[in-house]
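>>> Predicted model and sequence below, questions to follow.
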Amino acid sequence: TSTSTSTTASTTPSIPPQLRGAEIVQACVPDEVEQIQRVVRQWVDGDGVSLVLTSGGTGFMPRDVTPEALAPLLHRLAPNMVTQMAVQSLQVTPMAMLSRPVAGIRASSLIVALPGSPKGARECLSFVLPALGHALAQLASDTAAVASTHAAMQGLATTASSAAATSKSKSSCDCDHNAGAAAPAPAPAPA
């Protein structure tokens, strides 16, 4: 059976400051693919949760099925989040090579599978935390927040006007935020 509770991040221990104030929904779910999928689908598709963090089930034990449960639910993968967790974790312990993290996007929600050990989960969350706000802003199509982050990364002022200007210029990340927009008119030929 699944137990679900709801609280805010400000009252939940061990929640990073960057996530304070967010609504936190927790569930203890048996290591069964269908049950994990049912809870994640409900949170994402039913409740519109923007960030799902799972903990546990990413090891080599026969009942560690979280990656197998999450992978078919993901519409797009976030491989560099997985890489960041793996690279950083291997600097902490060689046992990190026995973890099978998964990260990706379903609809407009980010789903990240963290290790089951409290220490490992805290560490892996801290490794991806610097990018979570930007990722969630992108998924929410919050162009002002995305532009503000790009401006800050480029060392520019983050006023509303500079954020708007930045959103119209080439972004500082690898993604094309203007995909699908009409191409600019060609420059006139020299006389």
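Great, that's in hand. Numbering: from 1, shown residues only.

>>> Just the element for the residue nearest the centre of the chain, please.
Relative to the mean C-alpha position of the chain, the nearest C-alpha, by CA atoms, centre = their mean, is the one of Leu110, at 4.2 Å. Of the helices and strands defined by DSSP states H and E, Leu110 is found in strand 109-114.

>>> Tell me the strands beside that strand, with direction?
strand 51-55 (parallel), strand 103-106 (antiparallel) (DSSP bridges).

>>> Now render the ones you listed as TSV, adding mean pLDDT, distance to Val29 and mean neighbour count.
From N, CA and C alone the C-beta is placed, and that goes for glycine too. As requested, the strands paired with strand 109-114 are arranged in TSV below (pLDDT from 0 to 100; distance: least, CB to CB, whole Å; neighbours: other CB atoms under 10 Å):
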stretch	mean pLDDT	distance to Val29	mean neighbour count
strand 51-55	95	9	19
strand 103-106	98	17	20
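
>>> Let's have these in a markdown table, adding distance to Val65.
Supplementary listing: the strands paired with strand 109-114 in a markdown table, determined by distance: least, CB to CB, whole Å:
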| stretch | distance to Val65 |
| --- | --- |
| strand 51-55 | 11 |
| strand 103-106 | 16 |
